[in-house]
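*Asks:* Just need the structure, nothing else, for what follows:
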Amino acid sequence: MKLNTNRYTFIFHLRNRPFRPGLVCVLISFSLLYACNNSNTPPPQQELVNTPQQMNEKIPDVIGRLLIHIADNAGKMDSISILEPAALQYLYDKTDDNAKWSKDAKWNQVADSLIKFIYYLPMRHSG
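*Replies:* Next comes the predicted model:
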């Protein structure tokens with residue numbers, strides 16, 4: 001028995017299709033519009049306070065807006081990428097967006113150590 005292997009049907013072949021520049025232009029236009037979507041929320045601006053009580057009131061608001069900004073921008077804040085935005089959201093949701101680094105206008109022990117480490121780091125590498 002002999003099999004007929006010469007007979008086959010093309011479902012889709014580019015050589016048999018006419019070039020459609022209009023379709024290509026429309027696809028490129030939609031891609032550019034999608035990439036240039038500027039509906040992201042801007043990051044909160046810097047806010048200055050005069051008293052520790054004002055700071056305690058403002059910090060949860062600023063942290064909440066920052067978390068919304070990070071969620072709206074696929075885990076990015078300006079040029080900084082947040083590796084685990086869900087963990088950050090969970091951490092601050094547990095404490096109602098309160099500061100983790102200070103309480104009653106005083107640094108906590110870990111934050112104080114980190115600030116001292118950053119401050120003295122350039123002195124170690126200066127020679």
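*Asks:* Restrict stretch 90-98 to CA atoms and write it as CSV.
*Replies:* Backbone C-alpha positions of stretch 90-98 (Å, rounded to 0.1, in the frame of the first residue of the first chain) are rendered in CSV as follows:
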residue,chain,number,x,y,z
TYR,A,90,0.9,42.5,55.8
LEU,A,91,3.6,43.9,58.2
TYR,A,92,2.0,47.4,58.3
ASP,A,93,-1.6,46.1,58.3
LYS,A,94,-0.9,44.3,61.6
THR,A,95,0.0,47.6,63.3
ASP,A,96,-2.4,49.9,61.5
ASP,A,97,0.4,51.5,59.4
ASN,A,98,2.3,52.8,62.4
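*Asks:* Show residues contacting that stretch.
*Replies:* 56, 59-61, 63-64, 67, 100 (C-beta atoms under 8 Å, 6 or more residues apart in numbering). No exception for glycine: its C-beta is placed from N, CA and C like everyone else's.
*Asks:* I'd say residue 55 and residue 103 touch.
*Replies:* No: under the criterion of C-beta atoms under 8 Å, residue 55 makes no contact with residue 103, lying 10.8 Å away.
*Asks:* So which of the two has more stuff around it?
*Replies:* residue 55 (17 against 13; other C-beta atoms under 10 Å).
*Asks:* Now the more buried one: closest residue in space that isn't a chain neighbour?
*Replies:* In this structure, residue 55 finds its nearest non-sequential neighbour in residue 49, 4.8 Å apart by C-beta to C-beta, 6 or more residues apart in numbering.
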